[in-house]
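In: One predicted model, sequence on top.
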Amino acid sequence: MDHNKLALPVGTTLDRFIMRKQEDFPYATGELSQLLRDIALAAKIVNREINRSGLIDIAGAYGSQNIQGEDQQKLDVIANIRFIRALRNGGEVCTIISEEDEDMIQTGNNQGKYVVAIDPLDGSSNIDVNVSIGTIFSIYRRISPTGTEGTEQDCLQTGTHQVAAGYVIYGSSTMLVYTTGNGVNGFTYENSLGEFFLSHPHITTPKTGAIYSINEGSSEYFSEGTAAFVAHCKQQGYSARYIGSLVADFHRNLLKGGIYMYPATKKAPNGKLRLMYECNALAFIVEQAGGKSSNGRSRTLEQTPQSLHERSPLFIGSTELVEKAEEFLAAEYSDALASL
């Protein structure tokens, strides 16, 4: 008998994968690798809290609003604390910006080489009904001198300057997906071992797809171009799939092909999603997977941010679908100019 069959390999752990990939960068000194491990540790803790939220009364509203004017859930607050604590204790991050905090968070690690932008718990209002939610993070190398506190300029870098980005989806299984600019890989959490294992190597998104994801409850406020593109999707027989958790909608379309849209509307002329810790991170990931991300007119990663909590429209997913959406929006813009 082949003894190896009695104990088949369990796969490649996230820690081992990060260590091996570090060897691909001859000048790497390990700080980014440690930072990714810190994020993974916080994700494990948040995953635990989510899984037991209905048992220990940490689901539901917290009773206050975040800087976005949105009602905070208890788990929003818990996730924010967990990730900030992990990043502060890890020592590699000098400054953090979070969806839940108005101002930059100085970690006290002035020698840290990185800044992190994070949405600690995206879609948290869906917790009470057991719908998938997630964490989104973006990592930049600081541009201010080490030994000093991080600055707003460190945080307000264009998306092209990201050194890593990723998300965690807490659903039927918990997955961490990330890129450091050399492709996209996904890791599934194995609860009994407490480890993330490589489950989705070299993720590549289809060039086109048959899924469109948009909140059609807001169709009354769509621009003509957005409405025309949605009508086009229906004429093509595409399936409408909208969960209401950005990470969950994006993850499905990344794997299966499709387009996610949160456009500018009459109610939200600048869109609703945040450029620094939602749009840029997912745009980096989708481009590394062979897809595309746009604000409807230009590449998401080339937008110059003006404020920490700046909002932006988002059209993201399979390249052919995003480009088709841009065509409809360009036609709308041309018609508007012609009417002047």
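Out: Sure, I can see it. Treat the numbers as computed from the prediction; the structure is a model and nothing was measured.
In: what about Leu41, helix or strand, and which?
Out: helix 31-51 (DSSP states H and E).
In: what comes up buried for that helix?
Out: Under the neighbour-count criterion of 16 or more other Cβ atoms under 10 Å, helix 31-51 has 31-33, 35-40, 42-47, 49-50 buried. To be clear about C-beta, it is placed using only N, CA and C from the backbone, and glycine gets the same treatment.
In: Could you do stretch 240-248 as well?
Out: 241-243, 245-248.
In: got any ranges where this structure has weak pLDDT?
Out: 1-9, 23-29, 53-72, 333-340 (pLDDT under 70).
In: per the record, what domains does it have?
Out: Split into domains by automatic domain parsing, the chain comes to 11-200, 211-338.
In: Give me the secondary structure label for Ala164.
Out: strand (DSSP: H, G, I helix; E, B strand; the rest coil).
In: make that Leu301, sorry
Out: Assignment for Leu301 (three-state DSSP): helix.
In: So it sits against Leu282, correct?
Out: No: with contact defined as Cβ atoms under 8 Å, Leu301 does not reach Leu282; the gap is 10.4 Å.
In: Could you name every residue contacting both of these two?
Out: Ser293 (Cβ atoms under 8 Å, 6 or more residues apart in numbering).
In: ok, those two, which is more surrounded?
Out: Leu282 (29 against 18; other Cβ atoms under 10 Å).
In: The nearest residue to the more buried one once chain neighbours are set aside and Thr179: what is the separation?
Out: Excluding its sequence neighbours, the residue lying closest to Leu282 (Cβ to Cβ, 6 or more residues apart in numbering) is Phe250, at 5.5 Å. Per Cβ to Cβ, to the nearest Å, Phe250 is found 13 Å from Thr179.
In: Over to Met104?
Out: For Met104, the distance to Thr179 - Cβ to Cβ - is 25 Å.
In: got it, and Glu302?
Out: Distance from Glu302 to Thr179, by Cβ to Cβ: 18 Å.
In: before we move on, what about Arg274?
Out: 19 Å.
In: more crowded one of these two?
Out: Neighbour count, other Cβ under 10 Å: between Arg274 and Thr179, Arg274 has more, with 24 against 21.
In: Which helix or which strand is home to the residue most central in space within the chain?
Out: Nearest to the geometric centre of the chain sits Ile136, at 3.5 Å (Cα atoms, centre = their mean). Under the criterion DSSP H and E, the helix or strand holding Ile136 is strand 133-141.
In: Extract the CA atoms of that strand and return them as CSV.
Out: The C-alpha trace of strand 133-141 is given here as CSV (Å, rounded to 0.1, in the frame of the first residue of the first chain):
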residue,chain,number,x,y,z
ILE,A,133,-20.3,40.2,3.7
GLY,A,134,-16.6,41.1,3.4
THR,A,135,-13.5,43.1,4.2
ILE,A,136,-11.7,45.2,1.6
PHE,A,137,-8.1,46.5,2.0
SER,A,138,-5.5,48.5,0.0
ILE,A,139,-1.8,48.8,0.8
TYR,A,140,0.5,51.7,-0.3
ARG,A,141,4.2,52.4,0.4
